[in-house]
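[1] Here is a sequence together with a model predicted from it:
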Amino acid sequence: MAGLALNFIVFLHLLSSVVWIGGIIFILFVAIPASKEVMGTEAGKIMGVVSKRFTPFANYSILLLVITGVFLSFLHIGSYMSAPFYFKSALAVTMIAIHFYRGLLLAPKIAKSEPAKKTSLQKLSVALVKLNLALGVAVLFLAKMV
């Protein structure tokens, strides 16, 4: 494949990683603490709006990561078929499952819950975001190994 085209595909893959994992870092370490500082117990409202705005970016990034990742893995079929490749792929699939579980199942449940239940579901949601960050960092660590 032409060098420029391959470089562009790798660029899209990396950019998608930056948007998704960088967005998680921003939400965990900037948006959530700042909203709690300013809004107190009402921080969940602002985080709901932030999540609605960020989710499409994350979804498109995930789609691009899957497309470019599959394409890149087919280009390097011999060298990519290793334990780190499979482990990295399993981590990525787990991240995707967590992301869509939070967005499609957990978020609507949080929106419909009474205040007592809402707090525990919001804590679960944040814990899943933290798990996704840890998985994302692991995927990035393994990126050069495969």
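    Okay, I see it. Residues are numbered from 1 along each chain as shown.

[2] Residues in contact with stretch 55-71: which ones?
    9-10, 12-13, 15-17, 19-20, 23, 89, 92, 96, 99, 103 (Cβ atoms under 8 Å, 6 or more residues apart in numbering). Every C-beta, even on glycine, is put in place using the N, C-alpha and C of the backbone.

[3] Give me the phi and psi angles of residue 113.
    When read as degrees, to the nearest 10, the backbone of residue 113 gives phi -80, psi 150.

[4] Over to the one 4 residues further on?
    Reported as degrees, to the nearest 10, the phi and psi values for residue 117 are phi -70, psi -30.

[5] gap between it and residue 96?
    Separation of residue 117 from residue 96 (Cβ to Cβ, to the nearest Å): 27 Å.

[6] And for residue 51?
    In terms of Cβ to Cβ, residue 51 sits 17 Å off from residue 96.

[7] Quick check: chain neighbours aside, which residue is closest to residue 19?
    Closest residue to residue 19 apart from its sequence neighbours, by Cβ to Cβ, 6 or more residues apart in numbering: residue 61 at 4.3 Å.

[8] oh, I was asking about residue 103
    Nearest to residue 103 is residue 55, by Cβ to Cβ, 6+ apart, at 5.7 Å.
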